[in-house]
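> Only the shape, not the letters, is given here:
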């Protein structure tokens, strides 16, 4: 079978993770991150395959501690998309935390029309009862991150941490800058620029939820 | 409100898509792709925010036609991860196509032990009854793509198209090269290198499923 490449691959899931993380730690510059945030950065890189990601990562110094402590206390994880919600590994969650995505709630289309905003942004109206102390995971829609900042400016309850990592060409850069520069002083984690997305965002949640590989 | 950036953003979902796609078409080099594959390439770029992605995209000339025709005829979409499955927009599917992810099937852990492979790879055993003429969407695990190629070499029924876009540091590069160089002559779409993932893969499916924005 010497001509058959596929027979040679590593088949052990744990070994694959360990080797992946070792490659990332060897290649990526992780120096400027607090120790408690490094596992999240490593998993974010792992989710996208790009070791230059750290250069674009923005954060508040206390974001990892705040997210970890909220999750340990049972905080819900509020997601802007089904992909983010389904990328979160339930077995890693420390307190059987609720993973919430309201995007497909039947009230959302009417709310979007009423607000004159996208469905992704309107879906956040339904987060209000759970927003206080929650971990917010926005990995898709810049309008959701913009809307969150508006709601908080208007006095909505404050989440424990905002993982705000939407992706794309219209509003992604600007919404993430607005998060980082917000006078609200939120605990936050982001990837500046156009890059981002549901896989990177879910990976950050998974890393903050557990120390396991 | 002059100091309040968030109030200035575009809130119309359709306008955001249109502007995003216009930016992508202006910035990305799409010249070498067949006309019927361009919408998939545009959406793949849209999903990751990177206009240099086309340089790494590999494909067979007939992949778009084969995938579109299979989907129109009702072919199932076989996904290696829940994130890929949940990134597929059901309303875009032309024939209410089944979207299948067998990763969490209760038989998978035993199959993985039996095969000495990851759960992602073992889950493909449960694809066999639906594999003929299917659209395969692998956006997470290199071992799933390696295993698919093994199964096909051993005579498993042939899918209509393989969107093989796993991400990462161990096996991703090699599994995608094996797909592109396979003597099986599959209709395929891939992103060479470490980049890839569930969002890019689901975006390709969504583009091939419908011509709508």
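Right, received. Where do you want to start? These numbers were taken from a predicted model, which means no experiment stands behind them.
> Let me see the mean pLDDT of the longest helix along chain A.
Under DSSP state H, the helix in chain A containing the largest number of residues is helix A:13-27. Mean pLDDT, computed over helix A:13-27, is 97.
> hmm, that helix touching chain B?
Yes - Helix A:13-27 reaches chain B (CB under 8 Å from any CB of the partner chain) through A:13, A:16, A:19-20, A:23-24. Where you see a C-beta, it was placed from the backbone N, CA and C, and this is true even at glycine.
> who wins for neighbours among those residues?
residue A:24 (23 neighbours; other CB atoms under 10 Å in any protein chain shown).
> which SSE is the most centrally placed residue in chain A in?
Geometric centre of chain A, nearest residue: residue A:201, 2.8 Å, by CA atoms, centre = their mean. Per DSSP states H and E, residue A:201 falls inside helix A:198-209.
> Would that helix count as contacting chain B?
Yes - interface with chain B: helix A:198-209 contributes A:198-199, A:202 (CB under 8 Å from any CB).
> Direction-wise, compare that helix with helix B:198-209 and give the angle.
Relative orientation of helix A:198-209 and helix B:198-209, computed by axes from the mean of the first three to the mean of the last three CA atoms, to 10 degrees: 150 degrees.
> so is the closest residue to residue A:199 other than its chain neighbours in a helix, a strand, or just coil?
Sequence neighbours aside, residue A:47 is the residue nearest to residue A:199 in space, at 4.2 Å (criterion: CB to CB, 6 or more residues apart in numbering or on different chains). The assignment at residue A:47 comes out as helix when based on DSSP: H, G, I helix; E, B strand; the rest coil.
> what sits against residue A:47?
A:199-200, A:202-203, B:167, B:197 (CB atoms under 8 Å, 6 or more residues apart in numbering or on different chains).
> hmm, which two among these are most spread apart?
The distance between the two most remote of the contacts of residue A:47 (CB to CB) is 12.7 Å, for A:202 and B:167.
> Those two: who's more crowded?
The neighbour count for residue A:202 versus residue B:167, taken as other CB under 10 Å, is higher for residue A:202 (30 against 26).
> residue contacts, the residue nearest to that one when sequence neighbours are not counted?
Leaving aside its sequence neighbours, residue A:202 sits nearest to residue A:87 (CB to CB, 6+ apart; 2.8 Å). When contacts are counted by CB under 8 Å, 6+ apart, residue A:87 touches A:198-199, A:201-203, A:205-206, B:82-83, B:198.
> pretty sure residue A:37 is touching residue A:58, no?
No - in this structure, residue A:37 is not within contact of residue A:58 by CB atoms under 8 Å, at 11.3 Å.
> what is in contact with those two at once?
By CB under 8 Å, 6+ apart, the residues touching both residue A:37 and residue A:58 are residue A:189.
> These two - which one has more neighbours?
residue A:37 (24 against 18).
> distance of that one from residue A:162?
Using CB to CB, to the nearest Å, one gets 14 Å for the distance from residue A:37 to residue A:162.
> Show me where chain A dips below the pLDDT cut-off.
Residue ranges of chain A with pLDDT under 70: A:1-7.
> Helices along that one, start to end?
According to DSSP H, the helices that chain A contains are A:13-27, A:38-48, A:63-72, A:82-87, A:108-115, A:119-122, A:142-153, A:172-180, A:198-209.
> Out of those, which one sits most buried?
Most buried of those by mean neighbour count (mean count of other CB atoms under 10 Å in any protein chain shown) is helix A:198-209; its value is a mean of 28.
> hmm, back to that, I'd like the helices of chain A laid out as CSV, including distance to residue B:67.
Below are the helices of chain A laid out as CSV (distance: least, CB to CB, whole Å):
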stretch, distance to residue B:67
helix A:13-27, 29
helix A:38-48, 25
helix A:63-72, 40
helix A:82-87, 21
helix A:108-115, 30
helix A:119-122, 27
helix A:142-153, 29
helix A:172-180, 28
helix A:198-209, 22
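> Report the spatially nearest residue to residue A:76, omitting neighbours in sequence.
Residue A:76 sits nearest to residue A:98 (CB to CB, 6+ apart), 4.2 Å away.
> residues near the one you found, how many?
Neighbours of residue A:98 using other CB under 10 Å come to 13.
> Repeat that for residue A:130.
With other CB under 10 Å as criterion, residue A:130 counts 17.
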